[in-house]
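K.L.:
Here is my input, please return the structure:
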Amino acid sequence: MHRFILITAMFVLAIMPATAQENGDDTNGDGKPDRWLEISGQTISEVSIDRNYDGVADYIIRYDENGDKKEEILDFNYDGKMDDFYMYARGKMKRREIDTNYDEKIDIWVYLDGIYIEKYEKDTDFDGKIDITEDYTGE
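P.N.:
Residues are numbered from 1 along each chain as shown. Next up is the predicted model:
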């Protein structure tokens, strides 16, 4: 499935009438790059996207050597600092880390097995220490 998505994305990128620039593609036609690809061999290893067209990437997807997604990073509030992190293993989401108050420190950790939540941790007072833990693996 992931290979299909990757091949489809590569096909769309190849036929898309976007203006290719030295350091990226201009997908909205404003003369500034807003999508960058990093290619390792024959495989896309990273896609960076500027979703609000301010010149700064606020969404990054990284792929492993097999073309499976290994990481997604987002700047949810567009302040130039990444605050939402998704980690994958063999294409399945394993962990999500969130900086909910945008202080550049993670305060929510969600551990998953694909789509099922195994464990949840939260630093409610933003002091760097986990205050709440919910473990669903024993249920």
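K.L.:
how far away is residue 71 from residue 88?
P.N.:
In this view, residue 71 and residue 88 are 7 Å apart by Cβ to Cβ, to the nearest Å. For the C-beta atoms, the positions are set from N, CA and C on the backbone; glycine is no exception.
K.L.:
Just want to know which of those two has more residues nearby.
P.N.:
The residue with more neighbours, out of residue 71 and residue 88, is residue 88; 21 against 14, by other Cβ atoms under 10 Å.
K.L.:
Report whether the expected contact of residue 92 with residue 70 is present.
P.N.:
No - here residue 92 does not reach residue 70: they are 10.6 Å apart, not a contact under Cβ atoms under 8 Å.
K.L.:
Pick out whichever of the two has more residues nearby.
P.N.:
residue 70 (19 against 13).
K.L.:
Quick check: chain neighbours aside, which residue is closest to the more buried one?
P.N.:
residue 64 (4.7 Å; Cβ to Cβ, 6 or more residues apart in numbering).
K.L.:
ok, that neighbour - how many residues close by?
P.N.:
Neighbour number of residue 64 under other Cβ under 10 Å is 17.
K.L.:
where do the helices sit along the chain?
P.N.:
2-15 (DSSP state H).
K.L.:
distance of the residue nearest to residue 70 from residue 44?
P.N.:
11 Å.
K.L.:
Residue 45 touches residue 38, doesn't it?
P.N.:
Yes - the pair residue 45 and residue 38 qualifies as a contact (Cβ under 8 Å) at a distance of 4.9 Å.
K.L.:
more crowded one of those two?
P.N.:
Using other Cβ under 10 Å as the criterion, residue 45 and residue 38 rank with residue 45 on top: 16 against 13.
K.L.:
Which residues are in contact with the more buried one?
P.N.:
Residue 45 sits next to 38, 39, 62, 63 when contact means Cβ atoms under 8 Å, 6 or more residues apart in numbering.
K.L.:
give me the beta-bridge partners of the third one?
P.N.:
Okay, so that is residue 62. residue 46, residue 71 (DSSP bridges).
K.L.:
Repeat that for the second one.
P.N.:
With DSSP bridges applied, residue 39 shows beta-bridge pairing to residue 44.
K.L.:
Quick one: neighbours of it, just the number.
P.N.:
10.
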